[in-house]
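Novice: this is the structure alone, sequence omitted:
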DNA sequence: AACCAGGTGAGGA
DNA sequence: TCCTCACATGGT
(Lines give C-alpha, C1' and ligand atoms only; values in the text may rest on other atoms or scores of the structure.)
Protein backbone atom coordinates (compact mmCIF):
# COMPACT_ATOMS: atom_id res chain seq x y z
CA UNK A 1 0.00 0.00 0.00
CA UNK A 2 1.28 3.43 -1.00
CA UNK A 3 0.20 6.52 0.89
CA UNK A 4 0.75 10.08 -0.21
CA UNK A 5 -0.83 13.51 0.03
CA UNK A 6 -1.47 16.18 -2.57
CA UNK A 7 -1.60 19.85 -1.85
CA UNK A 8 -4.34 21.64 -3.77
CA UNK A 9 -3.86 25.24 -2.74
CA UNK A 10 -5.05 27.41 -5.65
CA UNK A 11 -6.37 24.33 -7.46
CA UNK A 12 -10.17 24.42 -7.46
CA UNK A 13 -11.20 20.81 -7.12
CA UNK A 14 -14.11 19.08 -5.45
CA UNK A 15 -13.76 15.32 -5.60
CA UNK A 16 -17.36 14.79 -4.50
CA UNK A 17 -18.96 16.82 -7.28
CA UNK A 18 -16.50 15.37 -9.75
CA UNK A 19 -17.09 11.72 -8.97
CA UNK A 20 -20.82 12.13 -8.43
CA UNK A 21 -21.41 13.79 -11.78
CA UNK A 22 -21.99 10.68 -13.88
CA UNK A 23 -18.70 10.63 -15.78
CA UNK A 24 -17.29 7.48 -14.23
CA UNK A 25 -19.23 4.58 -12.82
CA UNK A 26 -16.83 2.70 -10.60
CA UNK A 27 -16.20 5.08 -7.71
CA UNK A 28 -17.81 4.43 -4.36
CA UNK A 29 -18.10 6.84 -1.47
CA UNK A 30 -17.72 5.16 1.87
CA UNK A 31 -16.78 6.38 5.32
CA UNK A 32 -15.60 9.76 4.07
CA UNK A 33 -13.38 8.36 1.32
CA UNK A 34 -13.77 7.63 -2.37
CA UNK A 35 -12.72 4.16 -3.53
CA UNK A 36 -12.05 3.51 -7.17
CA UNK A 37 -10.52 0.82 -9.36
CA UNK A 38 -8.45 2.56 -11.98
CA UNK A 39 -5.88 1.18 -14.36
CA UNK A 40 -4.45 -1.90 -12.71
CA UNK A 41 -5.08 -0.96 -9.11
CA UNK A 42 -7.26 0.49 -6.40
CA UNK A 43 -7.29 4.05 -5.20
CA UNK A 44 -8.64 5.51 -1.97
CA UNK A 45 -8.94 9.29 -1.86
CA UNK A 46 -10.18 11.61 0.85
CA UNK A 47 -10.38 15.35 0.44
CA UNK A 48 -10.08 17.70 3.38
CA UNK A 49 -10.05 21.28 2.28
CA UNK A 50 -6.98 21.79 0.12
CA UNK A 51 -5.46 18.40 0.80
CA UNK A 52 -6.00 15.09 -0.94
CA UNK A 53 -5.11 12.08 1.20
CA UNK A 54 -4.43 9.15 -1.09
CA UNK A 55 -3.75 5.45 -0.69
CA UNK A 56 -3.18 3.13 -3.60
CA UNK A 57 -2.61 -0.54 -4.21
CA UNK A 58 0.22 -0.09 -6.68
CA UNK A 59 3.06 2.30 -7.23
CA UNK A 60 1.74 3.21 -10.69
CA UNK A 61 -1.14 4.98 -8.99
CA UNK A 62 0.99 7.81 -7.67
CA UNK A 63 0.67 11.58 -7.39
CA UNK A 64 1.43 11.97 -11.09
CA UNK A 65 -1.41 9.60 -11.94
CA UNK A 66 -3.82 11.50 -9.70
CA UNK A 67 -2.87 14.75 -11.39
CA UNK A 68 -3.49 13.24 -14.80
CA UNK A 69 -6.70 11.38 -13.90
CA UNK A 70 -8.38 14.35 -12.24
CA UNK A 71 -6.80 16.79 -14.70
CA UNK A 72 -5.46 18.89 -11.86
CA UNK A 73 -3.02 20.64 -14.16
CA UNK A 74 -5.81 22.09 -16.30
CA UNK A 75 -5.99 25.85 -15.99
CA UNK A 76 -9.35 25.91 -14.27
CA UNK A 77 -9.67 29.68 -14.15
CA UNK A 78 -8.87 29.96 -17.85
CA UNK A 79 -11.49 27.36 -18.63
CA UNK A 80 -14.13 29.07 -16.54
CA UNK A 81 -13.35 32.48 -17.97
CA UNK A 82 -13.75 31.13 -21.52
CA UNK A 83 -17.33 30.08 -20.81
CA UNK A 84 -20.03 32.77 -21.01
CA UNK A 85 -21.20 33.82 -17.56
CA UNK A 86 -24.90 33.82 -18.21
CA UNK A 87 -27.27 33.43 -15.30
CA UNK A 88 -27.39 29.64 -15.51
CA UNK A 89 -23.64 29.09 -15.83
CA UNK A 90 -22.97 31.61 -13.11
CA UNK A 91 -25.27 29.77 -10.75
CA UNK A 92 -23.88 26.36 -11.68
CA UNK A 93 -20.26 27.46 -11.26
CA UNK A 94 -21.05 28.97 -7.93
CA UNK A 95 -22.89 25.95 -6.59
CA UNK A 96 -20.61 23.28 -7.95
CA UNK A 97 -17.24 24.97 -8.01
CA UNK A 98 -14.52 22.37 -8.26
CA UNK A 99 -16.45 19.98 -10.49
CA UNK A 100 -14.00 18.79 -13.11
CA UNK A 101 -13.82 16.62 -16.16
CA UNK A 102 -11.70 13.56 -15.52
CA UNK A 103 -9.43 11.64 -17.86
CA UNK A 104 -10.49 8.00 -17.98
CA UNK A 105 -9.03 5.12 -19.90
CA UNK A 106 -10.53 4.99 -23.38
CA UNK A 107 -11.52 1.33 -23.36
CA UNK A 108 -13.33 1.50 -20.02
CA UNK A 109 -15.02 4.77 -20.90
CA UNK A 110 -16.12 3.54 -24.30
CA UNK A 111 -17.62 0.32 -23.04
CA UNK A 112 -19.23 2.01 -20.03
CA UNK A 113 -21.05 4.49 -22.22
CA UNK A 114 -22.17 1.83 -24.67
CA UNK A 115 -23.76 0.23 -21.63
CA UNK A 116 -25.20 3.57 -20.51
CA UNK A 117 -27.76 3.90 -23.29
CA UNK A 118 -31.43 4.16 -22.43
CA UNK A 119 -31.03 3.49 -18.73
CA UNK A 120 -30.24 5.36 -15.53
CA UNK A 121 -27.00 6.00 -13.65
CA UNK A 122 -27.60 3.65 -10.70
CA UNK A 123 -28.28 0.82 -13.09
CA UNK A 124 -25.28 1.65 -15.27
CA UNK A 125 -23.14 1.33 -12.16
CA UNK A 126 -24.75 -2.01 -11.44
CA UNK A 127 -24.19 -3.38 -14.92
CA UNK A 128 -20.57 -2.26 -15.04
CA UNK A 129 -20.00 -3.68 -11.58
CA UNK A 130 -21.47 -7.04 -12.61
CA UNK A 131 -19.30 -7.09 -15.72
CA UNK A 132 -16.16 -6.43 -13.68
CA UNK A 133 -17.14 -8.93 -11.03
CA UNK A 134 -17.61 -11.65 -13.61
CA UNK A 135 -14.78 -10.93 -16.05
CA UNK A 136 -12.29 -8.64 -14.29
CA UNK A 137 -8.99 -9.66 -12.78
CA UNK A 138 -8.84 -9.75 -8.99
CA UNK A 139 -6.84 -7.24 -6.98
CA UNK A 140 -6.69 -6.92 -3.24
CA UNK A 141 -6.32 -3.67 -1.36
CA UNK A 142 -6.48 -2.93 2.34
CA UNK A 143 -7.76 -6.42 3.10
CA UNK A 144 -10.55 -6.37 0.53
CA UNK A 145 -10.94 -7.82 -2.95
CA UNK A 146 -11.62 -5.68 -5.99
CA UNK A 147 -11.89 -6.36 -9.70
CA UNK A 148 -10.15 -4.60 -12.56
CA UNK A 149 -12.16 -3.52 -15.56
CA UNK A 150 -12.19 -6.49 -17.95
CA UNK A 151 -9.97 -6.46 -21.01
CA UNK A 152 -11.33 -6.57 -24.55
CA UNK A 153 -9.63 -9.94 -24.94
CA UNK A 154 -11.46 -11.40 -21.98
CA UNK A 155 -14.85 -10.03 -23.07
CA UNK A 156 -14.33 -11.13 -26.66
CA UNK A 157 -14.19 -14.67 -25.34
CA UNK A 158 -17.51 -14.37 -23.54
CA UNK A 159 -20.84 -15.42 -25.00
CA UNK A 160 -23.69 -12.99 -25.46
CA UNK A 161 -25.59 -15.01 -22.89
CA UNK A 162 -22.86 -14.67 -20.28
CA UNK A 163 -22.73 -10.94 -20.93
CA UNK A 164 -26.49 -10.61 -20.76
CA UNK A 165 -26.37 -12.34 -17.39
CA UNK A 166 -24.69 -9.19 -16.08
CA UNK A 167 -28.00 -7.44 -16.65
CA UNK A 168 -26.88 -5.85 -19.89
CA UNK A 169 -30.06 -6.73 -21.77
CA UNK A 170 -29.93 -5.91 -25.45
CA UNK A 171 -26.58 -4.17 -24.90
CA UNK A 172 -24.85 -7.53 -24.55
CA UNK A 173 -24.42 -7.98 -28.27
CA UNK A 174 -22.98 -4.50 -28.63
CA UNK A 175 -20.46 -5.24 -25.90
CA UNK A 176 -19.38 -8.44 -27.54
CA UNK A 177 -19.22 -6.93 -31.01
CA UNK A 178 -17.05 -4.05 -29.81
CA UNK A 179 -14.87 -6.36 -27.76
CA UNK A 180 -14.26 -8.45 -30.87
CA UNK A 181 -13.40 -5.38 -32.89
CA UNK A 182 -10.94 -4.05 -30.31
CA UNK A 183 -9.46 -7.45 -29.52
CA UNK A 184 -8.84 -8.11 -33.20
CA UNK A 185 -6.46 -5.16 -33.23
CA UNK A 186 -8.11 -3.65 -36.30
CA UNK A 187 -8.59 -0.37 -34.45
CA UNK A 188 -6.33 1.35 -31.97
CA UNK A 189 -8.32 3.23 -29.34
CA UNK A 190 -5.34 5.29 -28.24
CA UNK A 191 -5.31 6.84 -31.70
CA UNK A 192 -8.49 8.68 -30.74
CA UNK A 193 -6.49 10.77 -28.31
CA UNK A 194 -4.10 11.86 -31.03
CA UNK A 195 -6.72 13.03 -33.52
CA UNK A 196 -8.68 16.25 -33.35
CA UNK A 197 -12.34 16.21 -32.33
CA UNK A 198 -13.95 15.94 -35.79
CA UNK A 199 -11.57 13.20 -36.90
CA UNK A 200 -11.81 11.20 -33.67
CA UNK A 201 -15.60 11.46 -33.80
CA UNK A 202 -15.56 10.26 -37.39
CA UNK A 203 -13.56 7.20 -36.38
CA UNK A 204 -16.04 6.32 -33.64
CA UNK A 205 -19.03 6.70 -35.96
CA UNK A 206 -17.40 5.09 -38.97
CA UNK A 207 -19.19 2.64 -41.22
CA UNK A 208 -17.41 0.22 -43.52
CA UNK A 209 -19.64 -1.39 -46.13
CA UNK A 210 -22.80 -0.34 -44.27
CA UNK A 211 -21.50 -1.95 -41.09
CA UNK A 212 -20.50 0.12 -38.10
CA UNK A 213 -17.01 -0.30 -36.67
CA UNK A 214 -18.39 0.29 -33.18
CA UNK A 215 -21.88 -1.11 -32.89
CA UNK A 216 -23.77 0.71 -30.17
CA UNK A 217 -21.87 3.97 -30.44
CA UNK A 218 -23.91 6.84 -31.80
CA UNK A 219 -23.36 10.59 -31.52
CA UNK A 220 -24.07 10.93 -27.82
CA UNK A 221 -21.92 8.02 -26.70
CA UNK A 222 -19.13 9.14 -29.03
CA UNK A 223 -19.21 12.59 -27.47
CA UNK A 224 -19.02 11.12 -23.97
CA UNK A 225 -16.01 8.99 -24.89
CA UNK A 226 -14.26 11.92 -26.55
CA UNK A 227 -14.97 14.25 -23.63
CA UNK A 228 -14.29 11.92 -20.73
CA UNK A 229 -11.33 9.97 -22.04
CA UNK A 230 -9.81 11.71 -25.05
CA UNK A 231 -9.34 15.33 -23.95
CA UNK A 232 -11.80 16.61 -26.57
CA UNK A 233 -13.12 19.44 -24.44
CA UNK A 234 -15.33 20.84 -27.19
CA UNK A 235 -17.43 17.66 -27.27
CA UNK A 236 -20.95 18.41 -26.04
CA UNK A 237 -22.92 15.21 -25.32
CA UNK A 238 -26.67 15.73 -25.52
CA UNK A 239 -28.76 13.34 -23.47
CA UNK A 240 -32.28 13.80 -22.11
CA UNK A 241 -31.03 15.91 -19.20
CA UNK A 242 -29.04 18.25 -21.39
CA UNK A 243 -31.91 18.50 -23.87
CA UNK A 244 -34.18 19.39 -20.99
CA UNK A 245 -31.72 21.98 -19.65
CA UNK A 246 -31.17 23.56 -23.06
CA UNK A 247 -34.90 23.87 -23.65
CA UNK A 248 -35.41 25.35 -20.22
CA UNK A 249 -32.44 27.69 -19.82
CA UNK A 250 -31.26 28.35 -23.36
CA UNK A 251 -34.28 28.53 -25.69
CA UNK A 252 -32.85 31.84 -26.96
CA UNK A 253 -30.01 29.96 -28.68
CA UNK A 254 -32.38 27.98 -30.89
CA UNK A 255 -35.27 28.54 -33.27
CA UNK A 256 -38.77 27.42 -32.44
CA UNK A 257 -38.56 24.15 -34.31
CA UNK A 258 -35.40 23.05 -32.51
CA UNK A 259 -36.83 23.97 -29.11
CA UNK A 260 -39.85 21.85 -30.00
CA UNK A 261 -37.54 18.93 -30.79
CA UNK A 262 -35.68 19.38 -27.53
CA UNK A 263 -39.00 19.39 -25.72
CA UNK A 264 -40.21 16.31 -27.53
CA UNK A 265 -37.06 14.46 -26.48
CA UNK A 266 -37.69 15.14 -22.84
CA UNK A 267 -41.20 13.81 -22.95
CA UNK A 268 -42.01 10.56 -24.67
CA UNK A 269 -39.77 8.06 -26.34
CA UNK A 270 -38.42 10.22 -29.13
CA UNK A 271 -34.75 10.88 -29.63
CA UNK A 272 -32.96 13.52 -31.64
CA UNK A 273 -32.26 12.79 -35.28
CA UNK A 274 -28.62 12.80 -36.31
CA UNK A 275 -29.03 16.10 -38.07
CA UNK A 276 -30.81 17.77 -35.16
CA UNK A 277 -28.22 16.45 -32.73
CA UNK A 278 -25.43 17.90 -34.84
CA UNK A 279 -27.24 21.19 -35.21
CA UNK A 280 -27.82 21.59 -31.47
CA UNK A 281 -24.32 20.40 -30.69
CA UNK A 282 -22.81 22.95 -33.10
CA UNK A 283 -24.89 25.76 -31.65
CA UNK A 284 -23.87 24.82 -28.11
CA UNK A 285 -20.20 24.64 -29.11
CA UNK A 286 -20.43 28.05 -30.77
CA UNK A 287 -22.02 29.56 -27.69
CA UNK A 288 -20.06 27.89 -24.86
CA UNK A 289 -16.71 27.95 -26.62
CA UNK A 290 -13.79 25.57 -26.92
CA UNK A 291 -14.42 24.16 -23.45
CA UNK A 292 -18.09 23.52 -24.18
CA UNK A 293 -17.69 20.08 -22.66
CA UNK A 294 -16.94 21.61 -19.28
CA UNK A 295 -20.08 23.74 -19.56
CA UNK A 296 -22.01 20.63 -20.50
CA UNK A 297 -20.84 18.77 -17.41
CA UNK A 298 -21.85 21.63 -15.13
CA UNK A 299 -25.19 21.87 -16.91
CA UNK A 300 -25.73 18.14 -16.56
CA UNK A 301 -25.01 18.15 -12.84
CA UNK A 302 -27.01 21.35 -12.40
CA UNK A 303 -30.02 19.81 -14.13
CA UNK A 304 -29.75 16.59 -12.16
CA UNK A 305 -29.26 18.17 -8.78
CA UNK A 306 -32.07 20.65 -9.25
CA UNK A 307 -31.80 24.38 -9.36
CA UNK A 308 -33.05 25.08 -5.87
C1' DA B 1 -48.44 -0.37 -12.21
C1' DA B 2 -46.84 2.49 -15.48
C1' DC B 3 -43.12 5.31 -16.56
C1' DC B 4 -38.47 6.60 -17.08
C1' DA B 5 -33.58 6.06 -17.86
C1' DG B 6 -26.38 10.08 -19.81
C1' DG B 7 -29.76 6.21 -27.15
C1' DT B 8 -28.95 3.28 -30.96
C1' DG B 9 -29.81 0.25 -34.97
C1' DA B 10 -32.80 -1.53 -38.35
C1' DG B 11 -36.14 -0.85 -41.63
C1' DG B 12 -39.05 1.66 -44.57
C1' DA B 13 -41.12 6.09 -46.70
C1' DT C 1 -32.22 11.92 -45.39
C1' DC C 2 -35.97 11.54 -42.46
C1' DC C 3 -39.18 9.27 -39.06
C1' DT C 4 -40.78 5.27 -36.21
C1' DC C 5 -40.14 1.55 -33.52
C1' DA C 6 -38.10 -2.31 -30.76
C1' DC C 7 -34.90 -3.14 -27.54
C1' DA C 8 -33.98 -5.68 -21.85
C1' DT C 9 -34.15 -4.31 -17.41
C1' DG C 10 -34.42 -2.36 -12.89
C1' DG C 11 -35.32 1.84 -10.10
C1' DT C 12 -38.93 4.85 -8.63
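Specialist: Arrived safely, thanks for sending. From a predicted model like this one, the values you see are computed outputs, not experimental measurements.
Novice: how close does the closest residue to DNA strand B within the stretch 51-200 of chain A sit to residue A:6?
Specialist: Ranked by CB to the nearest atom of the strand, the top residue of the stretch 51-200 of chain A for proximity to DNA strand B is residue A:120, at 2.9 Å. (Each C-beta comes from the backbone N, C-alpha and C, glycine too.) Distance of residue A:120 to residue A:6, given as CB to CB, to the nearest Å: 33 Å.
Novice: give me the more crowded residue out of the two.
Specialist: The neighbour comparison of residue A:120 against residue A:6 (other CB atoms under 10 Å) goes to residue A:6, with 18 against 10.
Novice: doesn't the more buried one fall inside a strand?
Specialist: Yes - if the criterion is DSSP: H, G, I helix; E, B strand; the rest coil, then residue A:6 is within a strand.
Novice: quick one: contacts of stretch A:206-225?
Specialist: Stretch A:206-225 is contacted by residues A:106, A:109-110, A:113-114, A:116-117, A:171, A:173-175, A:177-178, A:181, A:187, A:192, A:201, A:203-205, A:235-239, A:274, A:277-278, A:281 when judged by CB atoms under 8 Å, 6 or more residues apart in numbering.
Novice: filter those to the buried ones?
Specialist: Buried subset of the contacts of stretch A:206-225 (neighbour count, 16 or more other CB atoms under 10 Å): A:106, A:109-110, A:113-114, A:116-117, A:171, A:174-175, A:177-178, A:181, A:187, A:192, A:201, A:203-205, A:235-239, A:277, A:281.
Novice: can you tell if the helix or strand of chain A with the lowest mean pLDDT touches DNA strand C?
Specialist: Least confident element among the helices and strands of chain A, by mean pLDDT, DSSP states H and E: helix A:256-266 (a mean of 85). No - taking CB under 7 Å from any atom of the strand as the criterion, helix A:256-266 and DNA strand C are apart, separated by no less than 7.6 Å.
Novice: counting contacts, what elements does that helix pack onto?
Specialist: Other helices and strands packing on helix A:256-266, by 3 or more CB pairs under 8 Å, 6 or more residues apart in numbering; DSSP states H and E, are helix A:240-249, helix A:274-288.
Novice: so what secondary structure elements neighbour the first one?
Specialist: For helix A:240-249, the elements it packs on are helix A:87-95, helix A:256-266, helix A:274-288, helix A:292-305, judged by 3+ CB pairs under 8 Å, 6+ apart.
Novice: report the buried residues of the second one.
Specialist: By neighbour count, with 16+ other CB under 10 Å as the criterion, the buried positions of helix A:256-266 are A:258, A:259, A:261, A:262, A:263, A:265, A:266.
Novice: how far off centre is it?
Specialist: Put simply, helix A:256-266 sits 25 Å off its chain's centre (CA atoms, centre = their mean, to the nearest Å).
Novice: kindly report the same for the last one.
Specialist: Once both centres are worked out by CA atoms, centre = their mean, helix A:292-305 turns out to sit 12 Å from its chain's centre.
Novice: kindly report the same for the longest one.
Specialist: Here helix A:274-288 shows a centroid-to-chain-centroid distance of 19 Å under the convention CA atoms, centre = their mean.
Novice: who in the stretch 151-300 of chain A is up against DNA strand C?
Specialist: A:164, A:167, A:169, A:170, A:173, A:269, A:270, A:271, A:273, A:274, A:275, A:276.
Novice: drop anything exposed from those residues.
Specialist: Neighbour-count burial (16+ other CB under 10 Å) applied to those gives A:164, A:167, A:271, A:276.
Novice: reformat those as TSV; add secondary structure and pLDDT.
Specialist: Compiled in TSV, those are given as follows (DSSP: H, G, I helix; E, B strand; the rest coil; pLDDT from 0 to 100):
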residue	secondary structure	pLDDT
A:164	helix	97
A:167	helix	97
A:271	coil	85
A:276	helix	93
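Novice: which of those residues come close to DNA strand B?
Specialist: residue A:271.
Novice: just to revisit the earlier point, quick one: closest of the helices and strands packed on helix A:240-249 to residue A:43.
Specialist: Among these, helix A:292-305 comes nearest to residue A:43, with 21.0 Å by CB to CB.
Novice: quick one: distance of the lengthiest strand in chain A to the chain centre.
Specialist: Identified as the longest strand of chain A according to DSSP state E is strand A:41-48. Taking CA atoms, centre = their mean, one finds strand A:41-48 lying 19 Å from the centre of the chain it belongs to.
Novice: list the neighbouring strands of that strand plus their orientation.
Specialist: Partners of strand A:41-48 in the sheet, by DSSP bridges, are strand A:33-38 (antiparallel), strand A:51-56 (antiparallel).
Novice: hmm, who's touching that strand?
Specialist: Contacts of strand A:41-48 (CB under 8 Å, 6+ apart): A:8, A:13-16, A:32-37, A:52-58, A:60-61, A:66, A:139, A:141-142, A:146.
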